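[1] Sequence isn't available, so here's the structure alone:
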């Protein structure tokens, strides 16, 4: 009887998982081998085998999307290091530390549309606050930011760093507070400087948290597309198109649901391989003691 009651309690969640997750995954895998356009009845859909997957690797937009994602992925160490430095500072004796934590965390929980609109005004080529400051300090021709094929990606990196800094810092702060103070006291006795303690005690002891942040940040990088859609629409050209945005555009703007599903599965396999490589490599640098 208790078992039946337990299953009844989890039944709504189980039904939701089957309908919205398990069925969706299976359906996506099935239509990735078809040319379904969301309009043609399913009983009339043409099976085309691996043609969608073959076409992907000659698709300029798909290739550029993957390369752009790899570009953003390369900045993950910067995001994590900046968050660790901020967390280390907040872990010390800092005035108004709770207020500072709240302030830096706000961008993470703020609606992405508001965040994007804010940065669109800050980085306006003409009259934007950032470019006006650059002109004041002597830069006569500041970057065009979202209008430049070169500067659009650094602008998105800056926004991602700013938006995720609070969340990453709080995760690191939790890890820092679990480090035994005896280690730092012993280091003080032996005359180790604060900088040396940071690199020889803090960073090694925080590696499990770093590994967790690395994996989640990696997945998050390949999921980013909302700010791209709002700020640049993937432009100029293909300069800021990421795979998540290209999948969305292909599926819901072009109606090529089968082709979009094949991209989604390639993305899944790609992220899975990178995650497995990281998981295997973590034995060499993650300290669980």
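    Nice, thanks for sending it over. This one's a predicted model, so the numbers in the text were calculated from it and none came from an experiment.
[2] Quick one: residues contacting the most centrally placed residue in the chain.
    Central residue of the chain (CA atoms, centre = their mean): residue 220, 2.5 Å from the mean position. The contact partners of residue 220, by CB atoms under 8 Å, 6 or more residues apart in numbering, come to residue 164. Using the backbone N, CA and C atoms, a C-beta is placed for each residue, glycine as well.
[3] That one sits in which helix or strand?
    Following DSSP states H and E, the helix or strand that holds residue 220 is helix 207-223.
[4] give the contact list for residue 33.
    47-50, 52, 258, 262.
[5] Mind doing that once more with 7 Å?
    47-49 (CB atoms under 7 Å, 6 or more residues apart in numbering).
[6] Tabulate those in JSON lines, adding columns for distance to residue 6 and neighbour count.
    As requested, those are exported to JSON lines (distance: CB to CB, whole Å; neighbours: other CB atoms under 10 Å):
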{"residue": "47", "distance to residue 6": "42", "neighbour count": "12"}
{"residue": "48", "distance to residue 6": "45", "neighbour count": "16"}
{"residue": "49", "distance to residue 6": "44", "neighbour count": "9"}
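[7] Whatever helix or strand comes next after the helix holding residue 220 packs against which elements?
    Heading C-terminal from helix 207-223, the first helix or strand you meet, by DSSP H and E, is helix 226-231. Helices and strands touching helix 226-231, by 3 or more CB pairs under 7 Å, 6 or more residues apart in numbering; DSSP states H and E, are helix 112-122, helix 152-176.
[8] I'd like the average pLDDT over helix 226-231.
    The pLDDT scores in helix 226-231 average 89.
[9] Next: stretch 113-121.
    91.
[10] cool, stretch 167-184 as well?
    Mean predicted lDDT for stretch 167-184 stands at 89.
[11] how about it: buried residues?
    Residues of stretch 167-184 classed as buried: 167-173, 175-176 (neighbour count, 16 or more other CB atoms under 10 Å).
[12] Return the member of those residues nearest to residue 90.
    residue 173 (5.8 Å; CB to CB).
[13] Surely residue 37 is within a strand?
    No - counting by DSSP: H, G, I helix; E, B strand; the rest coil, residue 37 is not found in a strand; it is coil.
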